[in-house]
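Trainee: Need coordinates for the following:
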Amino acid sequence: MELLLKLRWYFLEQWRRYAIAIAMFIGVDILEMCIPWITGRVIDHVVAGTLTPSLLQRYAFAVIGIAVAVYVMRFLWRVTLFHSSFHLAETMRRRLYHHLTRLSPGFYHEHRTGDLMARATNDISAIEMTAGEGVLSGIDGLVTGLLVIVIMLFMSWPLTLVALLPFPFMAWYFMILGKQLHAGFRDAQERFSDLNDRVQESLSGIRMIRAFGREAREDEEFLEIADRAAEANIRVAAIDSRYDPAIFISIGLSFLLCIGMGAWLVEREMLTLGQLTSFTMYLGFLIWPMFAYGWVLNIIERGSAAYARVEQLLATPPAVEDKGHVSHVSGADLQFNIETFSYPGTAPVLRDIHLQVKAGQTLGVVGATGSGKSTLLALLLRYYDAPAVRITVGGTPLQDLTLHALREAIAVVPQDPFLFTATIAENIALGAPDASREAVRAAAELVTMDRDILRFPKGYDTLVGERGITLSGGQKQRIAIARALLLDAPILVLDDALSAVDVGTERRILDHLCEIRRDRTTVMLYHRLSAGEHADQIIVLSHGEIIERGTHQELLRMGGWYAQMYEYQQLEQSVEAGR
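Mentor: The predicted structure follows:
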């Protein structure tokens with residue numbers, strides 16, 4: 001029942017709907033309690049020989065009226081209650097999605113995509129069922145049970161006490177099963193996450209699986225995970241299957257005691273035959289509360305395990321707190337003052353980084369793999385905070401900017417561009433959905449993609465597959481750059497965003513960038529050094545430190561790492577051209 005206490009914030013928010021539903025519960029249960037009373041009255045009239053056609057007709061119409069009223073009220077409280085539970089699922093998914101969008105990239109390195117999907121879908125559905133079916137069955141069973149017991153006590157308290165003797169033993173047994181169910185559901189949901197993650201990973205990497213001929217091996221590994229998930233659910237089903245026999249045994253013993261004790265009371269004229277019949281019918285009404293108790297216990301244990309998993313995600317703090325008060329970036333100049341930065345539990349990955357980029361300039365960042373380029377970019381985007389890191393945008397420290405203002409001021413083209421399952425035009429206009437088709441085409445022309453798009457049968461309305469699977473690597477990169485250019489942000493970040501295009505296309509794109517971004521700042525991370533020939537400032541990183549700094553020509557004259565790597569790449573291009 002702890003889960004219901006944790007959800008009290010929602011029950012208080014929706015108290016009117018739940019109050020209406022509960023009121024109709026009670027009304028339905030009271031009306032249903034009238035049926036055994038009417039039946040007992042009819043039997044007593046038959047035994048006494050006083051039943052007349054008109055009296056029987058009145059009783060018949062009363063039963064019909066009760067049935068119609070119960071039907072209407074059951075329909076209304078189900079609609080009312082389930083609307084509230086669906087709204088709870090929507091609220092929790094919205095909260096979870098909002099929270100996930102604020103977490104750092106490091107969080108997603110530690111958590112599997114399939115597991116997060118399972119928590120956002122399967123687990124929240126289990127919580128939704130608790131707030132819907134669980135509350136419905138729990139309150140309906142509770143109200144029915146209390147009404148029946150009160151009526152039975154009023155009719156004959158000795159017979160009631162005898163009839164209810166098996167119930168405490170059943171409650172004790174249910175408590176034991178509940179603890180086992182909670183552990184079983186937790187394990188089953190973990191196994192479902194594993195299964196979900198494996199499916200997602202396999203579908204995302206289907207090309208690689210086929211390329212390496214791993215279909216048979218993947219089938220075996222998937223079957224092992226599916227078997228573990230099935231075994232976990234079978235264990236839960238085995239525990240759950242013990243509820244019904246316990247209920248039937250308890251109810252059967254209760255009926256046996258009721259008939260035996262009731263016959264003795266009728267024989268001594270302490271109870272009429274009609275009253276015993278009514279009492280037996282009321283006892284039959286206790287079957288539903290017992291089933292409801294078992295069903296509610298099942299739902300709550302499943303929901304509790306699910307809520308704990310969702311709560312764990314919601315309790316994960318974001319790497320940076322959005323406490324900034326400046327909602328607009330006033331300039332495009334950048335300043336980096338990084339004494340040292342390290343990820344939790346690691347040695348420093350950046351040290352002594354001090355540089356300034358004026359508005360309208362282009363900064364090139366190069367270096368070997370693992371030199372700290374991506375970390376520098378992550379700090380600029382404020383994925384992480386550290387006391388020894390101070391970065392300003394337009395003269396304002398990142399911590400003073402709201403995250404929305406910072407994200408709005410920086411357009412990023414990642415190394416691995418992500419395209420959604422949408423049209424090419426929709427992918428380009430992702431950050432500016434209200435952009436006109438002319439603006440979308442203009443952005444595509446800047447990255448020499450317009451002609452390629454028009455070659456498709458549907459042009460800009462061509463639907464690209466998941467993650468842009470129908471496009472080449474170079475086409476995906478150019479669409480991603482066009483998407484960033486359409487935003488016209490003060491700062492543009494290209495994270496090795498031209499690696500999949502040829503040298504000629506790269507030069508044309510960079511020339512266009514120089515023309516249209518004269519008063520905007522551009523930060524480029526790249527491996528092909530020819531991409532930075534027009535950069536106003538280039539830094540070379542090695543093991544987190546700046547080892548060279550200058551323009552393209554100045555670095556060539558230094559004869560250091562940059563010059564050696566440039567010479568090697570030029571030689572490589574000459575060899576490839578000779579082929």
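Trainee: How is the protein partitioned into domains?
Mentor: 2-314, 334-578 (automatic domain parsing).
Trainee: quick one, what contacts I491?
Mentor: 332, 334, 393, 409-411, 520-523 (C-beta atoms under 8 Å, 6 or more residues apart in numbering). Yep, even glycine has a C-beta here, placed from its N, CA and C like the rest.
Trainee: of those, buried ones?
Mentor: 332, 334, 393, 409-411, 520-523 (16 or more other C-beta atoms under 10 Å).
Trainee: Among the residues you listed, which ones are in strands?
Mentor: Within the buried ones among the contacts of I491, residues falling in strands by DSSP state E are 334, 393, 410-411, 521-523.
Trainee: Please produce CSV containing those residues, extended by distance to W9.
Mentor: Below are these laid out as CSV (distance: C-beta to C-beta, whole Å):
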residue, distance to W9
L334, 43
V393, 38
I410, 36
A411, 39
T521, 45
T522, 47
V523, 44
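Trainee: between these, which is nearest T505?
Mentor: Nearest to T505 among those: T522, at 17.7 Å, using C-beta to C-beta.
Trainee: Tell me who's in contact with the closest one.
Mentor: Counting by C-beta under 8 Å, 6+ apart, T522 has contacts 361-363, 491-494, 513.
Trainee: Buried residues of the host helix or strand of F25, list them for me.
Mentor: Using DSSP states H and E, F25 sits in helix 15-48. Across helix 15-48, burial judged by 16+ other C-beta under 10 Å covers 17-18, 21-22, 24-29, 32-33, 35-45.
Trainee: can you give me the strands for the stretch 51-200 of the chain?
Mentor: Taking DSSP state E, counting those that start in this stretch, the stretch 51-200 of the chain contains no strands at all.
Trainee: ranges for the helices of it?
Mentor: Listed in chain order, the helices of the stretch 51-200 of the chain (DSSP state H, counting those that start in this stretch) span 53-101, 105-110, 113-118, 124-129, 135-155, 157-163, 167-204.
Trainee: So for Q537, which of those helices sits nearest?
Mentor: Here helix 105-110 is closest among the helices of the stretch 51-200 of the chain (C-beta to C-beta), at 26.6 Å.
Trainee: contact partners of the closest one?
Mentor: Contacts for helix 105-110 (C-beta under 8 Å, 6+ apart): 316, 319, 343, 378, 383-384.
Trainee: list the contacts for the residue nearest the centre of the chain?
Mentor: Computing the C-alpha centroid of the chain and ranking residues by C-alpha atoms, centre = their mean puts A120 first, at 2.6 Å. A120 sits next to 93, 96-97, 100 when contact means C-beta under 8 Å, 6+ apart.
Trainee: ok, 6 Å please
Mentor: When contacts are counted by C-beta atoms under 6 Å, 6 or more residues apart in numbering, A120 touches L96.
Trainee: Equivalent analysis for Q415, please.
Mentor: Listed by C-beta under 6 Å, 6+ apart, the contact set of Q415 reads 495-496.
Trainee: now the strands: where do they sit in the stretch 401-550 of the chain?
Mentor: Using DSSP E, counting those that start in this stretch, strands in the stretch 401-550 of the chain cover 410-413, 491-495, 521-525, 537-542, 545-550.
Trainee: any weak-confidence spans in the stretch 101-250 of the chain?
Mentor: Counting by pLDDT under 70, the stretch 101-250 of the chain has low-confidence residues at 204, 207, 211-212.
Trainee: typo on my end, the chain
Mentor: 1, 204, 207, 211-212, 294, 465-470, 575-579.
Trainee: sorry, back to before: between helix 53-101 and the helix holding F25, find me the angle.
Mentor: 160 degrees (axes from the mean of the first three to the mean of the last three C-alpha atoms, to 10 degrees).
Trainee: next one: helix 15-48 to chain centre, how far?
Mentor: Here helix 15-48 is found 43 Å from its chain centre; the criterion is C-alpha atoms, centre = their mean, to the nearest Å.
Trainee: helices or strands up against that helix?
Mentor: Packed against helix 15-48 by the contact rule (3 or more C-beta pairs under 6 Å, 6 or more residues apart in numbering; DSSP states H and E) you find helix 53-101, helix 135-155, helix 273-285.
Trainee: Recalculate using a threshold of 10 Å.
Mentor: Applying 3 or more C-beta pairs under 10 Å, 6 or more residues apart in numbering; DSSP states H and E, one finds that helix 15-48 contacts helix 8-13, helix 53-101, helix 135-155, helix 273-285.
Trainee: and the host helix or strand of G252, which residues are buried?
Mentor: Using DSSP H and E, G252 falls within helix 243-267. Within helix 243-267, the residues scored as buried using 16+ other C-beta under 10 Å are 243, 246-247, 250-251, 253-255, 257-258, 261-262, 265.
Trainee: Just list what it packs against, helices and strands only.
Mentor: Checking 3+ C-beta pairs under 10 Å, 6+ apart, helix 243-267 ends up next to helix 157-163, helix 167-204, helix 273-285, helix 287-314.
Trainee: ok so, going back, the helix holding F25 relative to helix 135-155, how many degrees between them?
Mentor: Computed by the same axes, to 10 degrees, the angle between helix 15-48 and helix 135-155 is 40 degrees.
Trainee: can you put the helices of the stretch 51-200 of the chain in a markdown table and add distance to A216 and mean neighbour count?
Mentor: Shown next, in a markdown table, are the helices of the stretch 51-200 of the chain (distance: least, C-beta to C-beta, whole Å; neighbours: other C-beta atoms under 10 Å):
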| stretch | distance to A216 | mean neighbour count |
| --- | --- | --- |
| helix 53-101 | 35 | 14 |
| helix 105-110 | 30 | 11 |
| helix 113-118 | 22 | 18 |
| helix 124-129 | 34 | 22 |
| helix 135-155 | 46 | 19 |
| helix 157-163 | 62 | 18 |
| helix 167-204 | 13 | 17 |
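Trainee: want to throw the ones you listed into a markdown table with distance to R507?
Mentor: Below are the helices of the stretch 51-200 of the chain laid out as a markdown table (distance: least, C-beta to C-beta, whole Å):
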| stretch | distance to R507 |
| --- | --- |
| helix 53-101 | 37 |
| helix 105-110 | 32 |
| helix 113-118 | 37 |
| helix 124-129 | 50 |
| helix 135-155 | 66 |
| helix 157-163 | 91 |
| helix 167-204 | 34 |
